Structure formats: C-alpha cells, structure tokens
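# mind folding the following:
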Amino acid sequence: MRVTISFRNIRHTKSIDQKIQEKSEKLAKFLEGKTLVKWACNFEDGHFYAEVSLIGPKFEYHAHSSSDTLLTTLDLATHKIQKQIQKRKDKLRNRIHNKHKDLVIMDVEQAWSDLDLDDELKDAA
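Numbering: from 1, shown residues only. Below is the predicted model of the structure:
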C-alpha cells in the first residue's frame, strides 16, 4: 500500500500525518493487492475538505467530505469509502450465491410437453 498526502492551506503536522496513515491502514485491511491511497486535504471558507481515492488493479473508489474540523472530515471520508467497499463486496457475494437461483432442471420429456409450440406459431402468424 502506498499513501500520498497533499495539503493546501493547512499546516502539515506529524499528528495529521499519523492520523491519515491510521485511516489508510484501516481501509487497506478491506482490500487485497497493491493499493494506492491518495489524500487531499484543504481549508477554504472556514471548512475543512478531504478527498480520498483508492486505486487498485480491479477497483477505484473516491470519496469527498467536509466539516468544521479536520479529524471529523477524515472520519467522514473514511466512512464513505468503507460503505462503497462494503456495497461492492455485497454485490459480488450476492452474485455468486444467486447465480443458479432461477435455473430449473426438468426431465426432457416434461420440458417439451410443457412447451406449447402450436400457440406460439399462431401468435407469430
């Protein structure tokens, strides 16, 4: 996992760096493989803004948040990304479990007897 952090109109401190590293590690445990985490933090009009992007070999997530404090903003952005990751994992899990749900295997003779070709040919004419 590689983490890139950029600040605009905010003084860079080690405590902020450490907090962002912790948040990134928390996100990384949901993902496998090589991951790039990009953080962009800025301060405008009395509000803190944070953007986080997770880029990997088969995924890309992006979240944006704003708040009155930087730590709250980082928490909100992390929460949004976690929701996106969970939603994608649920979709994949449901696709695997529901793959053969509608499939019904019937006896060959019963299947052909249930199919009424005469009605379909009349409808087509």
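
# now find how far off-centre the longest helix seen in the chain is within its chain.
Secondary structure assigned by DSSP state H gives helix 70-97 as the longest helix of the chain. Put simply, helix 70-97 sits 5 Å off its chain's centre (Cα atoms, centre = their mean, to the nearest Å).

# for it, buried residues please.
70, 73-78, 80-81, 85 (16 or more other Cβ atoms under 10 Å). From N, CA and C alone the C-beta is placed, and that goes for glycine too.

# give me the three-state assignment for Ala40.
strand (DSSP: H, G, I helix; E, B strand; the rest coil).

# heads up, I number from 27, so please use that
All set: I'll call the first residue 27, so the last point we hit is now Ala66.

# not counting sequence-adjacent ones, nearest residue to it?
Spatial nearest neighbour of Ala66, excluding adjacent residues (Cβ to Cβ, 6 or more residues apart in numbering): Glu77 at 4.4 Å.

# what do you get for Arg28?
Leu62 (5.2 Å).

# bridging residues for that neighbour?
Counting by DSSP bridges, Leu62 forms beta bridges with Arg28, Ile81.

# from what I can see it touches Gly82, true?
Yes - using Cβ atoms under 8 Å, Leu62 is in contact with Gly82, at 7.4 Å.
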